[in-house]
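# Curious how this folds, go ahead:
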Amino acid sequence: MSYTTEQLLQILDQELRAAWRGERQVLSSADRLQNSVVAKALGSQQLSKVFAVQDFRDQIHQYQQEHQVSGLVWHTCRFKGESIRFPELHPQLTAIPADKLALTAAKASVIQFWRTASQGMRLWQADQPPRPVSLAQVEQWIAETEWAEIDATRSEIYLSLCWGDPKLCRCEWAKPESGCEQVIAAIAEPSPIKL
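Next up is the predicted model:
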């Protein structure tokens, strides 16, 4: 019997806490960082903590792949008295092939929720600074992307339109193979929250 996603998250949390308490050490951590100035500035204890967590997380990711344990968790978004529950990749886990299928299967319901919730609002591309974007452009992105995620504050709703590797889609350097277009729907101008 393999561990569940929830059990892996608990194990990761325990290891993270142990590493930051100094109970886990990687003796060769200074040798693993290519920049000796940064290694010296951080110090061997801090580097050891970072690499201990990274090594353990890599082992968890390998376990997930070997035992096909999902990296998805369920997220609930509430906006204007309505809510939607959909899967998203936990930032500490990796995606297995079935996870991407689950993400793409949820796209239609996430988009429908967003279309209803964002009616009458202005749309902005989440750049720095945010730029106005047309509904036609957003609909084109919707058609071109593989899955969607949504989040909200009390007055704004955020749509992420993603493709490629779920673990890398938020990394700018992963484009064009993986990526994420982010849209803010707001009554006026979006708040300065960075997505």
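
# Just give the number of residues close to the closest residue to residue 15 other than its chain neighbours.
Of all residues not flanking residue 15 in the chain, residue 56 sits nearest, at 4.8 Å (C-beta to C-beta, 6 or more residues apart in numbering). Heads up, the C-betas are built off the backbone N, CA and C, glycines and all. Using other C-beta atoms under 10 Å, residue 56 has 19 other residues around it.

# Surely residue 56 forms part of a helix?
Yes - counting by DSSP: H, G, I helix; E, B strand; the rest coil, residue 56 is part of a helix.

# isn't it right up against residue 14?
No - the pair residue 56 / residue 14 is not scored as a contact, 9.9 Å apart, by C-beta atoms under 8 Å.

# For the protein, which segments count as helices?
Using DSSP state H, the helices assigned to the chain run over residues 5-20, 29-32, 36-42, 44-67, 97-105, 107-117, 135-144.

# Return the residues in contact with residue 182.
125-126, 158-161, 195 (C-beta atoms under 8 Å, 6 or more residues apart in numbering).

# Highest neighbour count among the residues you listed?
Counting neighbours by other C-beta under 10 Å, residue 159 comes out on top of the contacts of residue 182 with 27 neighbours.

# outside of stretch 120-136, which residues touch it?
Applying C-beta under 8 Å, 6+ apart, the contact partners of stretch 120-136 are 138, 157-158, 181-190, 194-195.

# Measure how buried residue 99 is and give me the count.
By other C-beta under 10 Å, neighbour count at residue 99 equals 23.

# To what extent is residue 64 buried, counted in neighbours?
21.

# Pretty sure it sits against residue 98.
No - under the criterion of C-beta under 8 Å, residue 64 makes no contact with residue 98, lying 10.9 Å away.

# what sits in contact with each of these two?
residue 70.

# List only those of the contacts of stretch 120-136 flagged as buried.
Among these, those buried by neighbour count (16 or more other C-beta atoms under 10 Å) are 138, 157-158, 181-186, 190.

# Out of those, show me where the pLDDT dips lowest.
Among those, residue 190 carries the lowest pLDDT, at 84.

# List phi and psi for it.
Backbone torsions for residue 190, taken as degrees, to the nearest 10, come to phi -70, psi 150.
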